[in-house]
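**Student:** What follows is a protein structure lacking sequence information:
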């Protein structure tokens, strides 16, 4: 049974998503609700619902979705890591309505202009507060931010980190520096990685599994199957592939692994990391 470790939901009648207003994002400029996800992913037995915008209201909404869902089994939410009151904000989420579904926190680090943002003292204090409450922290980074991510995971070994979308390598570019940084990040036992988001880093109209394979092989070699987990990044993946197409590509990428190793990537790792 498949665990989808990374998908989103949004309702444009509740809140705009300003990151999908440009014309190239038109294919996903509509609401995507839980029934839409269930219809798109009939083979998924459990999922992790991940934040989309940096506003405090979204996380309680997602926790309520998880509490009423037969599929959504964990939530990765948002809070302001730089706030002096970050601990209180986290406690309010964990102790509040449906707080038992909260398993992680994420921030759109990829949008921060400072490549060293993760290494700020206030951010480290916020990350320590996340870890102290038994929550994971998801690293939504681009390759130029990986050096800061590496220093951060080394400085905070008590925090469990998850790399989203393999840190968004430019598919088709030289593997060199990205691959080296991914391997250095994986050297820390407190880091796992999501096999997600690769199709939208490739050519949306003409990508192939062969295009993705070198990047997958770097991640697999660096982390091993027990620290890699499948995520759809639905509905963002729809810019380049249907849910079924991306799932099929991921299954092809892992097809030469043993049944046990495939089970780790498609279920075991996510169940351990998110307590599913």
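**Tutor:** Perfect, thanks for sending it. Bear in mind that the values here come from a model prediction, so they are computed numbers and not experimental data.

**Student:** For residue 245, give me its contacts.
**Tutor:** Applying CB atoms under 8 Å, 6 or more residues apart in numbering to residue 245 gives the contacts residue 199. Every residue, glycine included, has its C-beta placed from N, CA and C.

**Student:** For it, give its distance to residue 199.
**Tutor:** Plainly put, residue 245 is 8 Å away from residue 199 if you go by CB to CB, to the nearest Å.

**Student:** Could you do residue 235 as well?
**Tutor:** Noted for residue 235: a distance of 12 Å to residue 199, by CB to CB.

**Student:** Give me the nearest residue to residue 54, chain neighbours excluded.
**Tutor:** Nearest non-adjacent residue to residue 54, counting by CB to CB, 6 or more residues apart in numbering: residue 78, 5.4 Å away.

**Student:** what's the neighbour count on that neighbour?
**Tutor:** Neighbour count for residue 78, taken as other CB atoms under 10 Å: 23.

**Student:** returning to that earlier point: which of residue 235 and residue 199 has more neighbours?
**Tutor:** Between residue 235 and residue 199, counted using other CB under 10 Å, the more crowded position is residue 199 (25 against 21).

**Student:** dump the residue contacts of the nearest residue to that one once chain neighbours are set aside.
**Tutor:** Once flanking residues are discounted, residue 199 sits nearest to residue 240: 4.1 Å by CB to CB, 6+ apart. The neighbours of residue 240, taking CB under 8 Å, 6+ apart as the test, are 199-200, 202, 204-205, 207, 246.

**Student:** other SSEs contacting the longest helix along the chain?
**Tutor:** Among the segments of the chain that qualify as a helix by DSSP state H, the longest is helix 209-223. Here helix 209-223 touches helix 176-186, strand 191-195, helix 243-253, going by 3 or more CB pairs under 8 Å, 6 or more residues apart in numbering; DSSP states H and E.

**Student:** Out of those, which one sits most buried?
**Tutor:** strand 191-195 (a mean of 25; mean count of other CB atoms under 10 Å).

**Student:** Adjacent strands (with direction) for that strand?
**Tutor:** strand 161-163 (parallel), strand 228-230 (parallel) (DSSP bridges).

**Student:** got a list of contacts for the last one?
**Tutor:** Strand 228-230 is contacted by residues 2-5, 192-196, 219-220, 247, 250, 264-266, 269-270, 273 when judged by CB under 8 Å, 6+ apart.

**Student:** mind redoing it with 6 Å?
**Tutor:** Strand 228-230 has contacts (CB atoms under 6 Å, 6 or more residues apart in numbering) with 5, 193-195, 250, 265-266, 269-270.

**Student:** Let me have those residues in CSV, adding distance to residue 158 and pLDDT as columns.
**Tutor:** Shown next, in CSV, are these (distance: CB to CB, whole Å; pLDDT from 0 to 100):
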residue, distance to residue 158, pLDDT
5, 22, 98
193, 19, 98
194, 21, 98
195, 26, 98
250, 31, 98
265, 26, 98
266, 28, 98
269, 20, 98
270, 21, 98
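
**Student:** Identify the farthest-apart pair in the residues you listed.
**Tutor:** For the contacts of strand 228-230, with distances taken as CB to CB, the pair at the greatest spread is 193 and 266 (14.2 Å).

**Student:** mind listing the helices for the stretch 1-150 of the chain?
**Tutor:** Counting by DSSP state H, counting those that start in this stretch, the stretch 1-150 of the chain has helices at residues 34-40, 58-68, 86-95, 121-132, 146-155.

**Student:** Can you list the buried residues in the third one?
**Tutor:** If you call a residue buried by 16 or more other CB atoms under 10 Å, then helix 86-95 has these buried ones: 86-87, 89-90, 93.

**Student:** Just name whatever secondary elements that helix is in contact with.
**Tutor:** helix 121-132 (3 or more CB pairs under 6 Å, 6 or more residues apart in numbering; DSSP states H and E).

**Student:** Show me the contact partners of the helix it packs on.
**Tutor:** 81-82, 86-87, 90, 105, 137, 156, 158-159.
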